[in-house]
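Colleague: quick one: sequence plus predicted model below, questions after.
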Amino acid sequence: MESINRQSKTTVHLSVQYVLAGTWTPERVRTVEFEKALLDNGLDFGQTQSRENAFTLIRTQPSHLQVKLESPGPQVVSLLVVANNPQYEREMFSRDAEAVVQAFSQTWPAEHYQILTVNCKIHHLYSAQTHAFQYLWEERLAQSPEDFRLLGGRPVAGGGLRLVMPPHAIKGGEPTSIEVRVESFLREPKKVFIETAFSWPKPRIISPEQGFDPSRYIEQTEQFAAEEVWNFLTRRQT
C-alpha cells in the first residue's frame, strides 16, 4: 500500500491574478456595469464589498467564487479570481475565470492591456497512511525522529518544506518562478497539504482579441503540481 494515496487528491484552493499597468477606481457606475457583464457571462454574485481603491464580489453558491479588483499602487491594477474549497472541477473554475476577464474587458475596454505579472496558485490535499509530517520527515527526508529531542523534548505537531525556484525558462518557454509548500495539514494530521504557486514575471502587451487566457496559466500550474511536485513528494522517477 502506498504511503500517499494519489487518488485521494482534493483541490481546496484555486486562484489566478493579473497585475496590469494602468489606472482604475471603483466608480459605482462602472462596478454596476461590471456586475451586469458578469451576469451576461453566466456569473451571479450575491455580495459586494466596496472601499477606496478596491471592489470585491463574492458568491457562495453553487460553488465559492470571489472576484477582487484593486489598485494597490499608482498606475497598477490587480484582478484576482479565487475559489476556496471549490465544489466543482478545475475546468469549471477556468471557465469562470475566463468569464471574469471577458467582463473586465467589456467594462474597461482598451486597445491593448499591459500585463505586468500573472500569478496562479493551487492547493491540494492528499491522504497519507501515517501522520503526514512523519512521512515527510522519516520517509521522504530520511531523518530520525530522535532529532526532535534537540528542541527540548517538546512535541512536534507538524511541519513541512518550502521550495523557492527563481524565474527560469524551460525549453525556450516563458520564464516562470515557482514556490512549493509541502506540509502536514494540522486539522487532519494524516493529510498532506501542497501549495503550488506560479508567477509569470515578464511584462507583455495583449490585445482584446488575444484575451487573457486564464486556463493556460491554471493548467500549467495544475500539471506541475500533479506531476513534478507529486514525483518529488514520492521520489518517483519520470
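Modeller: On my side now, so go ahead. Numbering: from 1, shown residues only.
Colleague: just checking: what are the partner strands of the strand ranked longest in the chain?
Modeller: As assigned by DSSP state E, the longest strand anywhere in the chain is strand 4-21. Using DSSP bridges, strand 4-21 pairs in its sheet with strand 76-84 (antiparallel), strand 113-128 (antiparallel).
Colleague: mind putting those strands in a markdown table, distance to residue 61 and mean pLDDT included?
Modeller: C-beta coordinates here come from the backbone N, C-alpha and C atoms, glycine included. Below are those laid out as a markdown table (distance: least, CB to CB, whole Å; pLDDT from 0 to 100):
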| stretch | distance to residue 61 | mean pLDDT |
| --- | --- | --- |
| strand 76-84 | 13 | 97 |
| strand 113-128 | 21 | 97 |
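Colleague: for residue 11, find the nearest of the ones you listed.
Modeller: strand 113-128 (5.9 Å; CB to CB).
Colleague: elements contacting whichever helix or strand comes after the longest strand of the chain?
Modeller: Where DSSP states H and E defines the elements, the next helix or strand beyond strand 4-21 is helix 28-40. Where contact means 3 or more CB pairs under 8 Å, 6 or more residues apart in numbering; DSSP states H and E, helix 28-40 is packed against strand 47-51, strand 54-59, helix 90-107.
Colleague: pull the distance from the last one to the chain's centre.
Modeller: With CA atoms, centre = their mean, to the nearest Å as the basis, helix 90-107 stands 15 Å off its chain's centre.
Colleague: got the angle between it and strand 54-59?
Modeller: 140 degrees (axes from the mean of the first three to the mean of the last three CA atoms, to 10 degrees).
Colleague: contacting residues around the worst-scoring helix or strand of the chain on mean pLDDT?
Modeller: Ranked by mean pLDDT, DSSP states H and E, the weakest helix or strand in the chain is strand 47-51, scoring a mean of 93. Strand 47-51 is contacted by residues 26, 28, 31, 35, 55, 56, 57, 58, 59, 60 when judged by CB atoms under 8 Å, 6 or more residues apart in numbering.
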